[in-house]
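**Student:** sequence? don't have it. structure:
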């Protein structure tokens, strides 16, 4: 495994690769969710490239970029274990200049996650576009847990006619159902226990729908009932294009939930 720090190193490596490239972009602090993406990339491609870069442009002024967990040495060991070929770990100054052409996310980036974090997805698309141009992957792997992000990246690739296959990957959970997230480390024992109500509510919603329930409001009411002791930021039931639904559409519905535990936001979802 080679660790690359500069754009020139990555470009030199990339121009000599004539086989399929699987790419997993990350912000580090790798956990089993990331590992599942890397393993899938390893299974499906000749070469695997992982980027580790805490992207400043997707943080709002009120969010603490400096506090984001960084575990560079552990991350490199995980990549080595997963048989990654190249790890790209650039500095901020490498990725961004003083004045740049900006990327503007579409209107649907200002609902749900984007309503709470306006401009966040502009920063996400900006860095992903840069990384895609550098890596030129055959396949790029993203988790379904960040469903809105996945939708926007898929749209960007389509709109810019980029020859990249976006591969959505299933959410990885702890044995008790909690979705894996780098943010879970911020939870104390009580919050960690209470957070299980998120996945419980989603499982219950899925069960209701499997029994024939199609009324969106009734499903939402059940979710809120289960999570009544939590600080719920939103419950949304949308189609794959993130249009709000009134009636459940089997095979075209995503149920999304976000709850706060102190300053920590946890998001989870199920795809029907």
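**Tutor:** Structure's in. What do you need? All figures in this text were calculated on a predicted structure; none of them were measured in a lab.
**Student:** all helices for the stretch 101-250 of the chain, in order.
**Tutor:** 113-116, 120-135, 147-159, 189-194, 196-210, 216-226 (DSSP state H, counting those that start in this stretch).
**Student:** weakest of those helices in terms of mean pLDDT?
**Tutor:** If you rank the helices of the stretch 101-250 of the chain by mean pLDDT, helix 113-116 sits at the bottom with a mean of 92.
**Student:** show me what counts as buried in that helix.
**Tutor:** For helix 113-116, burial by neighbour count (16 or more other Cβ atoms under 10 Å) applies to 113-114. (Glycine included, C-beta is placed from N, CA and C.)
**Student:** just stretch 34-47 next, same as before
**Tutor:** So, applying 16+ other Cβ under 10 Å, buried residues of stretch 34-47: 34-42, 45, 47.
**Student:** do the same with stretch 226-237
**Tutor:** By 16+ other Cβ under 10 Å, the buried positions in stretch 226-237 come out as 226-227, 230, 232-233, 235-237.
**Student:** strands of this structure, residue ranges please.
**Tutor:** Taking DSSP state E to define them, one finds strands in the chain at 2-4, 21-26, 47-52, 86-88, 139-143, 165-169, 231-239, 253-261, 264-271.
**Student:** show me the contacts for residue 181.
**Tutor:** Taking Cβ atoms under 8 Å, 6 or more residues apart in numbering, we find residue 181 in contact with 31, 33, 145, 266-267.
**Student:** so which of the residues you listed is the most crowded?
**Tutor:** The most crowded member of these is residue 266, carrying 23 neighbours; neighbours defined as other Cβ atoms under 10 Å.
**Student:** against residue 17, how distant is the closest residue to residue 1 other than its chain neighbours?
**Tutor:** Leaving aside its sequence neighbours, residue 1 sits nearest to residue 80 (Cβ to Cβ, 6 or more residues apart in numbering; 5.1 Å). For residue 80, the distance to residue 17 (Cβ to Cβ, to the nearest Å) stands at 19 Å.
**Student:** who has more neighbours, these two?
**Tutor:** Taking neighbours as other Cβ under 10 Å, residue 80 and residue 17 compare with residue 17 leading, 16 against 12.
**Student:** got the contact list for the more buried one?
**Tutor:** Residue 17 neighbours (Cβ under 8 Å, 6+ apart): residue 47.
**Student:** same deal with the one 3 residues further on?
**Tutor:** Taking Cβ under 8 Å, 6+ apart as the contact definition, residue 20 lies against 44-47, 138-139.
**Student:** rerun that using 10 Å as the cut-off
**Tutor:** 41, 44-48, 137-139, 165 (Cβ atoms under 10 Å, 6 or more residues apart in numbering).
**Student:** kindly reformat the strands of the chain as CSV containing mean pLDDT and distance to residue 124.
**Tutor:** Output for these, formatted as CSV (pLDDT from 0 to 100; distance: least, Cβ to Cβ, whole Å):
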stretch, mean pLDDT, distance to residue 124
strand 2-4, 98, 22
strand 21-26, 98, 10
strand 47-52, 98, 13
strand 86-88, 98, 17
strand 139-143, 98, 11
strand 165-169, 98, 14
strand 231-239, 97, 18
strand 253-261, 97, 17
strand 264-271, 95, 14
